[in-house]
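Colleague: Fold the stuff below for me.
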Amino acid sequence: KSCPPFDQEESAPCPRQCQDSTYCSWNEWGDWYSCSATCGKGAIRGRRRYLHVESDPAVALQSNVTDLDVISKYETLYKRAQDLEGQHSQELASAFVAGCASVAVVLAVVHGFAFGGWGRRHDAVDRF
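Modeller: Just a heads-up that it's a prediction; the model follows:
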């Protein structure tokens, strides 16, 4: 038996005007859909939430996010930034030391060729 046709999606023009100030917030999660299979592996289920456009910023800011969530996320990001800054300082110090060592090696090689006779041909001559 074939499936009856039905509307899968519906569209409408957006009510937003370019000069209007709008704010976006997420609506609540909807209920879970039923599973795609009654048994076995690979069955999935899903749920949906929609992005809501609001012209009133006070309404848009009301969400499930608590002050504690924001503070916790801020502290986590701050600690991560501090760790990255510490790593950056270590990288700079390592690069500086490696650069100094490279310059010292180049100077030693140049000094060896200029004053130490490196690269000159030496013939062994026995004198009696």
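Colleague: isn't there a helix covering Cys18?
Modeller: No. Counting by DSSP: H, G, I helix; E, B strand; the rest coil, one finds Cys18 to be coil, located in no helix.
Colleague: Quickly note the distance from Gln100 to Gly30.
Modeller: In this structure residue 100 is Cys, not Gln. For Cys100, the distance to Gly30 equals 62 Å [C-beta to C-beta, to the nearest Å]. (C-beta placed from N, C-alpha, C; glycine too.)
Colleague: Nearest spatial neighbour of Val53, chain-adjacent residues omitted?
Modeller: Leaving out its chain neighbours, the residue that sits closest to Val53 by C-beta to C-beta, 6 or more residues apart in numbering is Thr22, at 5.2 Å.
Colleague: Let me see the ranges of the helices in this protein.
Modeller: Assigned by DSSP state H, the chain shows helices spanning 57-61, 67-115.
Colleague: Same list, the ones you listed, but as TSV with distance to Ala43, mean neighbour count and mean pLDDT please.
Modeller: Shown next, in TSV, are the helices of the chain (distance: least, C-beta to C-beta, whole Å; neighbours: other C-beta atoms under 10 Å; pLDDT from 0 to 100):
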stretch	distance to Ala43	mean neighbour count	mean pLDDT
helix 57-61	36	11	68
helix 67-115	32	10	88
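Colleague: any chance of these in CSV, plus distance to Tyr50?
Modeller: CSV is the format used below for those (distance: least, C-beta to C-beta, whole Å):
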stretch, distance to Tyr50
helix 57-61, 14
helix 67-115, 21
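Colleague: Tell me which of these approaches Ala37 most closely.
Modeller: helix 67-115 (35.3 Å; C-beta to C-beta).
Colleague: Tell me which of the helices of the chain sits nearest to Arg45.
Modeller: Using C-beta to C-beta, these put helix 67-115 closest to Arg45, at 26.1 Å.
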